[in-house]
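Student: For reference, the sequence and a predicted model appear below.
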Amino acid sequence: MTDHYQTLGLHRRCTEAQIRTAYRMLAKQHHPDVNGGSEESVLRTRMLNAAHEVLSDPEARAAYDRELAAAERASVRVRAGRIEKNVAQDITLRLEDFLKGTRLEIRVNDPANPDGPETYTCEVPAGTAPGARFRVPREGAFRGGHVLVRVKAGADFQFKARGSDLRCDLRISADRAAKGGSELLRGLGGGSVRVEIPKGVGRGEIVRVTGEGLPRPRGGRGDLLVRIQYRPEVTVRRAGK
């Protein structure tokens, strides 16, 4: 698993105040705007955001600590004098990577490995569903074991993933809400998605666009759930009127 404590440079008994302080300092240091928008700074920022999101929530942190402890109790077998040890690792992907596919570089820091850190490549094919798992064979001292990789959906400025469904907000005028019609949204794949607005749609109502979400485990795609918000109306009055 990704070690959120290591990402923030903290020990596992750290306080909430220490988590906030470390996150703010590192987020400022690695922000893409102060690092020329480099790919490394973008990736580092995503890791910091993910770590802060989990560790700053007491319930999420407790659940994560249990998962981390379970992952560290990795399965170990000895066969024909060879140690077969599995390790689990969660990898966060960009939402578009589930559609287009990507190649991951996985780094395993296993203290029990006398050869030091291990690096592997994992191919994630196009159409992979969130939560999918991959088995990457290990090499060296633990040859015969596997890196058990689970891919998770990362944060996106427009969409929020819930399983294979995506959620987003759409702001429209009160006039559009009353009359209905259609609006265009940026789609996950880079094109446009047409959202049909029913007449009299209310603020906060959900409009479902079928098949515009993330891939499903058994084929096809989830849906895009668009929450309707009203744009504030601006009234202009002439001076003296």
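Tutor: Cool, got the structure.
Student: Residue 52 touches residue 16, doesn't it?
Tutor: No - Residue 52 lies out of contact with residue 16 (CB atoms under 8 Å); the separation is 10.9 Å. For the C-beta atoms, the positions are set from N, CA and C on the backbone; glycine is no exception.
Student: The two: which has the busier surroundings?
Tutor: Here residue 52 and residue 16 are compared on neighbour count by other CB atoms under 10 Å; more neighbours surround residue 52, at 20 against 12.
Student: ok now do the residue nearest the centre of the chain, which residues does it touch?
Tutor: Centroid-nearest residue in the chain: residue 154, 1.1 Å away (criterion: CA atoms, centre = their mean). Residue 154 sits next to 46, 50, 92-95 when contact means CB atoms under 8 Å, 6 or more residues apart in numbering.
Student: and stretch 60-75, which residues are buried?
Tutor: For stretch 60-75, burial by neighbour count (16 or more other CB atoms under 10 Å) applies to 61, 64, 68, 71.
Student: Residues contacting the helix or strand where the third one lies, please?
Tutor: If I follow you right, that is residue 68. For residue 68, the element it lies in under DSSP states H and E is helix 58-72. Here helix 58-72 makes contact (CB under 8 Å, 6+ apart) with 1, 3-4, 12, 53-55, 87-88.
Student: And the chain, split by domain according to the record?
Tutor: Domain assignment for the chain by automatic domain parsing gives 1-73, 79-153, 160-230.
Student: Among those, which one carries the weakest average confidence?
Tutor: Among the domains of the chain, domain 79-153 has the lowest mean pLDDT, at a mean of 84.
Student: residue contacts, the residue lying closest to residue 109 once chain neighbours are set aside?
Tutor: For residue 109, ignoring the flanking residues on the chain, the nearest one in space by CB to CB, 6 or more residues apart in numbering is residue 117 at 5.2 Å. Residues near residue 117 by CB under 8 Å, 6+ apart: 107-110.
Student: Partner strands of the helix or strand where residue 89 lies and their direction?
Tutor: According to DSSP H and E, residue 89 maps onto strand 87-93. Each strand that pairs with strand 87-93, with its direction, by DSSP bridges: strand 146-153 (parallel).
Student: Can you give me the buried ones in the strand it pairs with?
Tutor: Per 16+ other CB under 10 Å, strand 146-153 contains these buried residues: 146-149, 151, 153.
Student: which residues touch it?
Tutor: With contact meaning CB under 8 Å, 6+ apart, strand 146-153 is reached by 86-93, 95, 98, 104, 106, 108, 118, 120, 122, 124, 128, 130-138, 161, 214.
Student: now the next helix-or-strand element following that strand, how far from the chain's geometric center?
Tutor: Per DSSP H and E, the first helix or strand lying C-terminal to strand 146-153 is strand 160-162. Chain-centre distance of strand 160-162: 9 Å, with CA atoms, centre = their mean, to the nearest Å.
Student: Check which helices and strands strand 160-162 sits against.
Tutor: In terms of contacts (3 or more CB pairs under 8 Å, 6 or more residues apart in numbering; DSSP states H and E), strand 160-162 is packed against strand 165-172.
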